[in-house]
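Asker: what follows is a predicted protein model with its sequence.
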Amino acid sequence: MQFRQQALSKLQSPEELDLPVRFARPQGRLVLLITVLVMAAASFWAVTGSLSSTIDAPGILTHAQGSYILQSPVEGQVTGVFAQEGATLAANAPLLKVHTPQGDRVVHAIAAGRLTSLSATIGSVIATGAHVASVERTDGPDDPLVVMVYVPGDSAAGVPVGAAVDLAVQSVPTERYGVLRGTVAAVGRTAQTPRQIAAFLGDDQLAEQFSRDGMPVPVLVRLDRTPGTKSGYRWSSADGPPYAVDSMTPATGTVHLADRRPLDWLLP
């Protein structure tokens, strides 16, 4: 009814029909121009720009051959220890002497490597099959380190071989010496159980830690080597830490995935 009254009043004043009609105020034109420019810039970025994404996952410095858990083949009391943690062992090297009802028996290392942990001490009583030591398999003191990063199973499919990886090493202050540089060398085909992880790392606790949020996929990272640093590896800082880094040191890996265009994320 109100609209009809307004229309009748316009007809009663025909001289007002010749007045120009203002479609938009100057402020409105400015807003429209800005909107058009923003939409044009967004469309250009969607076609030519790129998005970088990363995956963070826990890992550990180790050697490519992994470790093994040494189990006691006999039951008895430990009366002798022939090596200390950190020592390099030859294949079949004597490690423990155990007194059994049948006499003294010697427990030997299975394969050559570095003794990373020793749970048996003099005077302790061990059972058959008990875990007495962990030995990291190595070919020698110059055997290069690698990093095994355990990526969540639902994210591993997006990790390509050759991707750059930044590694924050627990024993190295990141704010001072930066991060360790590496490259993805291999991605596991399937997720691993805690038992499989423990078999490779020789450590049940680490296996439980890496499997806390579900079964992860192992990603092997080769470290970039350089003679210009004390550690022999490349860091984000010029020199890196003034000391070497050891195997079995925890690290957090940031895997840089391949850049993707924003349009790829928008299109199905």
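Answerer: Thanks, I have the structure now.
Asker: where do the strands sit along this protein?
Answerer: Secondary structure of the chain by DSSP state E: the strands cover 54-62, 67-71, 76-81, 88-89, 94-100, 103-108, 113-118, 125-126, 131-137, 146-152, 164-169, 180-187, 216-223, 250-256.
Asker: any idea where the helices of the stretch 151-268 of the chain begin and end?
Answerer: Taking DSSP state H, counting those that start in this stretch to define them, one finds helices in the stretch 151-268 of the chain at 174-177, 194-201, 204-210, 262-266.
Asker: residue 152: which of the ones you listed is closest?
Answerer: With Cβ to Cβ as the criterion, residue 152 lies closest to helix 204-210 of those, at 10.3 Å. Glycine gets a C-beta too; all of them are placed from N, C-alpha and C.
Asker: just the strands of the chain: most buried one?
Answerer: Most buried of the strands of the chain, by mean neighbour count (mean count of other Cβ atoms under 10 Å): strand 146-152, with a mean of 24.
Asker: which other helices and strands does that one contact?
Answerer: Judged by 3 or more Cβ pairs under 8 Å, 6 or more residues apart in numbering; DSSP states H and E, the packing partners of strand 146-152 are strand 54-62, strand 164-169, strand 180-187, helix 194-201, strand 216-223, strand 250-256.
Asker: which among those is found nearest to residue 95?
Answerer: Across the helices and strands packed on strand 146-152, residue 95 has its closest neighbour in helix 194-201 (19.2 Å, Cβ to Cβ).
Asker: for residue 169, which non-adjacent residue is spatially closest?
Answerer: Closest residue to residue 169 apart from its sequence neighbours, by Cβ to Cβ, 6 or more residues apart in numbering: residue 251 at 4.8 Å.
Asker: also residue 62?
Answerer: Using Cβ to Cβ, 6+ apart, the nearest residue to residue 62 is residue 247, at 5.2 Å.
Asker: do I have it right that the one you found meets residue 113?
Answerer: No. Between residue 247 and residue 113 there is no contact under Cβ atoms under 8 Å: 10.1 Å.
Asker: intersection of neighbour lists for these two?
Answerer: residue 136 (Cβ atoms under 8 Å, 6 or more residues apart in numbering).
Asker: looks like residue 114 contacts residue 88 (just checking).
Answerer: Yes. Using Cβ under 8 Å, residue 114 is in contact with residue 88, at 5.5 Å.
Asker: give me the common contacts of those two.
Answerer: Jointly contacting residue 114 and residue 88 under the rule Cβ under 8 Å, 6+ apart are residue 138.
Asker: ok so, going back, out of the helices of the stretch 151-268 of the chain, the one nearest residue 230 is which?
Answerer: Nearest to residue 230 among these is helix 174-177 (10.2 Å), distances taken as Cβ to Cβ.
Asker: and the closest one, which residues are buried?
Answerer: 174, 177 (16 or more other Cβ atoms under 10 Å).
Asker: and the gap between residue 205 and residue 237?
Answerer: From residue 205 over to residue 237 the distance is 31 Å, taken as Cβ to Cβ, to the nearest Å.
Asker: more neighbours: which of these two?
Answerer: Shown here are residue 205 and residue 237; by other Cβ atoms under 10 Å, residue 237 has more neighbours (14 against 10).
Asker: quick one: the spatially closest residue to the more buried one that is not a sequence neighbour from residue 242, how far?
Answerer: Excluding its sequence neighbours, the residue lying closest to residue 237 (Cβ to Cβ, 6+ apart) is residue 178, at 3.8 Å. Between residue 178 and residue 242 the computed distance is 13 Å (Cβ to Cβ).
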